[in-house]
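this is a predicted model, with the sequence first.
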Amino acid sequence: MIRVQNLTIQVPGFQVAGLNLQVEPGEFFVVLGPTGSGKTLILEAVAGLTPISSGQIIIGGRDVTRENPERRGVGVVYQDSALFPHLTVRQNITYGFRYQKQDRNKDPQRLRMLVERLGIGHILNRSVTHLSGGEKQRVALARALATAPDVLLLDEPLSSLDPAFREEVRRALKDLHQDLGLTFLLVTHDFTEALFLAQRAAVIAAGRLQQTGSVQDIFRSPATPFVAHFVGMKNVLPAAFNGPHARVGNLNVTLDPPLPQHARPTHIGIRPEDVLIGPPGQADGQTNTFPGQVQHVSPHGLFFELGVELNGATLSVITPGNDLIQLELAQGASVSVTLPPSKIHPL
């Protein structure tokens with residue numbers, strides 16, 4: 001378990017202020033945010049590698065705020081693997097054994113287990129300078145886990161890998177978490193990684209917490225315009241609200257459910273795949289159905305992304321290739337666009 005209470009970190013020109021997070025025992029938790037949001041500072045504060053201005057860090061029920069890094073019971077894996085280039089794979093993995101107070105008789109057993117689960121037995125005697133990116137990250141994982149930490153901290157370990165190696169290491173991370181039952185804390189800017197790996201997540205921007213919850217809840221129901229943009233909602237538009245309706249430019253949009261009285265949103269959001277598109281002439285009498293015109297068409301493999309103008313508002317719409325052909329959707333085409341009330345999110 002990790003609990004961060006009122007954490008403040010100050011560095012020149014930037015501040016993480018009053019951050020509160022809780023990661024449950026055995027959970028895979030992700031801190032999400034764009035570059036420069038403070039993710040790595042938070043991770044390094046938990047590891048004891050960055051000094052904090054105020055607050056408290058508790059790991060496994062123990063206050064480690066003033067503890068040295070080696071006494072916190074954490075393992076760390078960085079984006080660039082940070083392996084020792086003058087050592088072999090085996091020597092890198094076992095490097096931390098000499099600094100731990102665990103039962104040394106268990107070291108060979110743990111080494112065999114990690115080597116087997118990460119599939120790196122055939123490279124144990126190889127120099128790390130001759131490894132692929134995926135192999136290096138597997139070795140870095142083995143080194144971080146070799147000393148039996150209570151918590152594994154991961155600083156964007158997949159971002160520097162090409163797609164094939166990224167998928168390989170991502171699967172290895174998921175399998176390790178399921179097999180070992182450790183607490184994992186990953187920081188990343190890639191929401192796809194969070195969807196695949198994590199149970200819960202926190203989104204931060206400019207050092208401040210924006211939303212915490214299950215990854216699916218954040219994906220489907222973002223709490224702020226920033227989070228909506230971050231999770232790919234794309235269609236985030238300023239709106240004025242009046243009970244069950246929102247005024248978006250020149251469009252009057254019905255909401256379902258109606259806005260609660262205490263809510264004070266400023267925008268609406270709708271995912272591009274939730275926007276429905278059809279032939280022209282369907283707008284009359286249908287809720288949230290408006291005439292529009294296709295401004296551009298962008299292919300993305302099996303689906304297409306359209307930019308559609310609706311009476312002054314431009315929406316992103318994702319549609320399968322078959323629909324594109326059947327509806328003869330091309331730049332300049334007239335269409336009908338439906339915004340299902342249940343898919344609209346006040347933000």
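All right, it came through fine. Residues are numbered from 1 along each chain as shown.

just checking, next helix/strand downstream of the lowest-mean-pLDDT helix or strand in the chain?
Scoring the helices and strands of the chain by mean pLDDT, DSSP states H and E places helix 321-326 at the bottom, with a mean of 73. Downstream of helix 321-326, the next assigned helix or strand under DSSP states H and E is strand 334-338.

mind checking the pLDDT average for that following strand?
Across strand 334-338, the average pLDDT comes to 91.

residues contacting that strand, please?
If you take CB atoms under 8 Å, 6 or more residues apart in numbering as the criterion, strand 334-338 is touched by 275-283, 286-294, 308, 310, 315, 317, 327, 329. The C-beta positions use only the backbone N, C-alpha and C, and glycine is treated the same way.

what residues of it count as buried?
The neighbour-count check on strand 334-338 (16 or more other CB atoms under 10 Å) flags 335, 336, 337, 338 as buried.

export the helix or strand hosting residue 152 as PDB, just CAs?
Under the criterion of DSSP H and E, residue 152 resides in strand 151-155. Provided in PDB are the C-alpha atoms of strand 151-155 (Å, rounded to 0.1, in the frame of the first residue of the first chain):
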ATOM      1  CA  VAL A 151       6.400  -1.900  -4.300                       C
ATOM      2  CA  LEU A 152       7.600  -1.600  -7.900                       C
ATOM      3  CA  LEU A 153       7.800   1.900  -9.300                       C
ATOM      4  CA  LEU A 154       7.800   2.300 -13.100                       C
ATOM      5  CA  ASP A 155       8.800   5.500 -14.900                       C
END
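
number of residues surrounding residue 287?
By other CB atoms under 10 Å, 11 other residues sit near residue 287.

per-residue confidence at the nearest residue to it once chain neighbours are set aside?
Of all residues beyond its chain neighbours, the one nearest residue 287 is residue 254 (5.4 Å), with distances taken as CB to CB, 6 or more residues apart in numbering. Per-residue pLDDT puts residue 254 at 93.

and residue 254, how far from residue 282?
Separation of residue 254 from residue 282 (CB to CB, to the nearest Å): 16 Å.

for residue 170, the count of nearby residues, please.
As a burial measure, residue 170 scores 19 neighbours (other CB under 10 Å).

what's the domain layout of the chain?
As given by automatic domain parsing, the domain ranges for the chain are 2-220, 237-346.
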